[in-house]
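Asker: Can you look at this prediction? I've put the sequence above it.
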Amino acid sequence: MRKKSENSLKEVIGEFMKSYHLDEKMLEKQVILSWGKVMGKMIANHTEKLTIRKGVLYVKLNSAALRNELSFSKEKICKVLNDEVKAKVITEVVLQ
């Protein structure tokens, strides 16, 4: 039987992750890992680097034509990636 002052292991781990902002980092990592699944194999093959800083996803592509095409879908990319991780992680996409 637990005392009232005791927390479950799940609660303690959750508090620990929030205090060190690890929950945000895990969500960012999930967004990066889901890029290929969400965007498709062709786009993933032309992607050289993905980074997230302060809610902005920076996508380095090796194709100018693809970069131009994706520039018309930045909002949709944000929405689809956020929907995939079920959290608002990305607020903007910058194509490089």
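Answerer: Yep, that arrived.
Asker: how far is stretch 32-48 from where the chain is centred?
Answerer: Once both centres are worked out by C-alpha atoms, centre = their mean, to the nearest Å, stretch 32-48 turns out to sit 13 Å from its chain's centre.
Asker: mean confidence for it?
Answerer: Confidence over stretch 32-48, taken as the mean pLDDT, stands at 95.
Asker: and the nearest residue to Ile52 once chain neighbours are set aside, how far is that from Ser34?
Answerer: Nearest residue to Ile52 in three dimensions, chain neighbours excluded: Glu28, at 4.5 Å (C-beta to C-beta, 6 or more residues apart in numbering). For the C-beta atoms, the positions are set from N, CA and C on the backbone; glycine is no exception. In this view, Glu28 and Ser34 are 11 Å apart by C-beta to C-beta, to the nearest Å.
Asker: Enumerate the positions of stretch 27-42 that are buried.
Answerer: Within stretch 27-42, the residues that count as buried by 16 or more other C-beta atoms under 10 Å are 27-28, 31-32, 35, 39.
Asker: could I get it in PDB with only the CA atoms?
Answerer: Coordinates of the C-alpha atoms in stretch 27-42 are reproduced here as PDB (Å, rounded to 0.1, in the frame of the first residue of the first chain):
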ATOM      1  CA  LEU A  27       9.100  14.500 -29.600                       C
ATOM      2  CA  GLU A  28      11.600  16.300 -31.800                       C
ATOM      3  CA  LYS A  29      13.500  13.000 -32.400                       C
ATOM      4  CA  GLN A  30      10.200  11.300 -33.300                       C
ATOM      5  CA  VAL A  31       9.500  14.000 -35.900                       C
ATOM      6  CA  ILE A  32      12.900  13.400 -37.500                       C
ATOM      7  CA  LEU A  33      12.500   9.700 -37.400                       C
ATOM      8  CA  SER A  34       9.100   9.900 -39.000                       C
ATOM      9  CA  TRP A  35      10.200  12.100 -41.900                       C
ATOM     10  CA  GLY A  36      10.700   9.300 -44.300                       C
ATOM     11  CA  LYS A  37       7.500   7.600 -43.400                       C
ATOM     12  CA  VAL A  38       5.400  10.800 -43.700                       C
ATOM     13  CA  MET A  39       7.100  12.400 -46.700                       C
ATOM     14  CA  GLY A  40       7.800   9.200 -48.700                       C
ATOM     15  CA  LYS A  41      10.900   7.500 -50.000                       C
ATOM     16  CA  MET A  42      11.700   9.800 -52.900                       C
END
